[in-house]
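*Asks:* Mind folding the following:
(2 chains)
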Amino acid sequence: MVEYKYGPSSITKNKIIEQFIERDLFNPNITSINQIQWRLKETGFTKAQLNTWLNTTECRTAIENLGVDKIAELLGDASILDLTDVQAVDKLIDYLNIDANYNLIFR
Amino acid sequence: MEYVLKKTNSKCKEFSILDTILFEITINKDLLFNSNYISNGNFRFFGIYNNYQIIFDQTKFNSLFYDSNGTLVSEIEEYALRHIYTFSNGNSLVGGNDGLKVFYGIYNFPKKILLNRFDRLGFNGVYQVINDDLFLSQNNEKFGVFTFDNVCVWECYYKDLFENYEPIGAGTTNILKVGDKLYIELDKTYCIEIETGKTERVYEYKFTNSENEFLYGLQFLSMKEFQLAILNTKTNSLKIIDVSDEFNKLNVYPDSRIVVDNGLVYFSQNMGTEVAKIGVLSPESGKILWKYDFEKKNGMIGTLKVNGGRIYAHTQDKTLHIFEKESTPIL
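*Replies:* Here you go, the predicted structure:
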């Protein structure tokens, strides 16, 4: 699944919620977070910006709505199944805050 | 075959079915039993043990056990324990969370004794228990079989099966266990002997589900061409059913995720449509027996389960839709 974004206003917090979290991560056909590919051109979007947005209440709620099972599947880590909702949300946000992981999706 | 939408429960965060009894956790994380309020709290489902629904209290980090009457019958106070597997000696493999760390353990539920605690098992936790002696683990590069002493019996790199496999990032590979074989879904399906880790056969088709000795998988040949592949793993006979016309005439592009129950294939559609859809496909006739279109406000279908003649579809707007065959007792 490839999403193309062009220009400085093409990625907003709402698009991260509606398109990245609620559409791409929620998709039952996606079993690996790296199946999601966003191609960016002149967006000015950064890992730090993503991390700031993901830590807002709205984004955290949207991630929590994925469910712990889905987060465990996306990250391929069965030990996530034993985390609380909050811990599992942190795990996903922390994963995306690592350069190598972020760069595999947002390129 | 006709299913009827009998009930919708909004504000459902997650659900679990104990025998045929419905437990729900609301978006406020309260617990419901057959749609009736039981307890408020900060709950999550944590498996089923011996006909008890286990609830994880995420505030107190303990486990609550409810029976099929919705009655709280037991509690473990030291940690939250998720039941994974019961050994033939009665002990259980559990996942645990004590508020500080997650762990795996061997637990005796009747005596409430943690017999063994592991900070780590396998490459990345327990993907699937094979039997009393072995479990399967996987990460983004490889999968392997371990003993419960955490000794790796054998491991296999995905790239050794599928040379174009790229071990990047994270995710889960679909691995099915039927009898003494594992079926690994990559570019094709690779049949591996559990005992040795050796590849026994390779199938050109992808299989995503199993029921008894049968494997099932929808094949996507193009945007308009679909096949249902069914493999009898005992006889190694393969049945390919062209279901293109059935899906096309109803304008359905199915998800790769299916559910198989009593030999029927339950499918969903989430992409390429304004409204999500579910339906039932008969492998016998190759016909779609029933289809339902959700409303746009429902969004995508997350969890899809079939149990006791009912279909449970949990949609993105946190609504649980329960469909019943007309012959099924009314909820």
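
*Asks:* which residues are contacting stretch B:53-71?
*Replies:* A:84-86, B:16, B:18-19, B:21, B:23, B:29, B:31, B:33-34, B:36, B:38, B:41-49, B:51-52, B:72-83, B:97-99 (C-beta atoms under 8 Å, 6 or more residues apart in numbering or on different chains). Where C-beta positions appear, they are placed from N, C-alpha and C, glycine not excepted.

*Asks:* Over to stretch B:89-96?
*Replies:* A:79, A:81-82, B:49, B:79-87, B:102-110, B:114-115, B:117, B:125-126, B:129, B:132, B:135, B:148.

*Asks:* partners of B:I17 in the sheet?
*Replies:* Beta bridges link B:I17 to B:L22 when assigned by DSSP bridges.

*Asks:* Okay, the closest residue to chain B within chain A and B:V252: tell me how far apart.
*Replies:* Of all residues in chain A, A:S32 sits closest to chain B, at 2.2 Å by C-beta to the nearest C-beta. According to C-beta to C-beta, to the nearest Å, A:S32 and B:V252 sit 25 Å apart.

*Asks:* ditto for B:N28
*Replies:* B:N28 is 35 Å from B:V252, by C-beta to C-beta.

*Asks:* same thing with B:E2?
*Replies:* Taking C-beta to C-beta as the measure, B:E2 and B:V252 are separated by 18 Å.

*Asks:* same check, this time on B:I241
*Replies:* B:I241 is 15 Å from B:V252, by C-beta to C-beta.

*Asks:* okay, the two: which has more neighbours?
*Replies:* B:V252 (23 against 19; other C-beta atoms under 10 Å in any protein chain shown).

*Asks:* show me the contacts for the closest residue to the more buried one other than its chain neighbours.
*Replies:* Nearest residue to B:V252, sequence neighbours excluded (C-beta to C-beta, 6 or more residues apart in numbering or on different chains): B:Q269, at 5.3 Å. For B:Q269, the contacting residues are B:252-255, B:276-278, by C-beta under 8 Å, 6+ apart.

*Asks:* how would you label residue 53: helix, strand or coil?
*Replies:* Picked chain A for this. Using DSSP: H, G, I helix; E, B strand; the rest coil, the structure places A:W53 in helix.

*Asks:* Let me know whether the lengthiest helix in chain B sits next to chain A.
*Replies:* When chain B is scanned for its longest helix (criterion: DSSP state H), the result is helix B:244-249. No: using C-beta under 8 Å from any C-beta of the partner chain, helix B:244-249 never reaches chain A; the gap is at least 15.4 Å.

*Asks:* list the helices and strands that helix packs on?
*Replies:* Where contact means 3 or more C-beta pairs under 8 Å, 6 or more residues apart in numbering or on different chains; DSSP states H and E, helix B:244-249 is packed against strand B:226-232.

*Asks:* Name the residues of chain A found near chain B, please.
*Replies:* So chain A meets chain B at A:22-23, A:26-29, A:31-35, A:65, A:67-68, A:70, A:72-79, A:81-86, A:95, A:101, A:104-105 (C-beta under 8 Å from any C-beta).

*Asks:* From those, keep the buried residues only.
*Replies:* Those of the residues of chain A next to chain B that meet the buried threshold are A:22-23, A:26-28, A:31-35, A:65, A:67-68, A:70, A:72-79, A:81-85, A:95, A:101, A:104-105, by 16 or more other C-beta atoms under 10 Å in any protein chain shown.

*Asks:* Mind checking which of those land in strands?
*Replies:* Assigned to strands by DSSP state E, none of those qualify.
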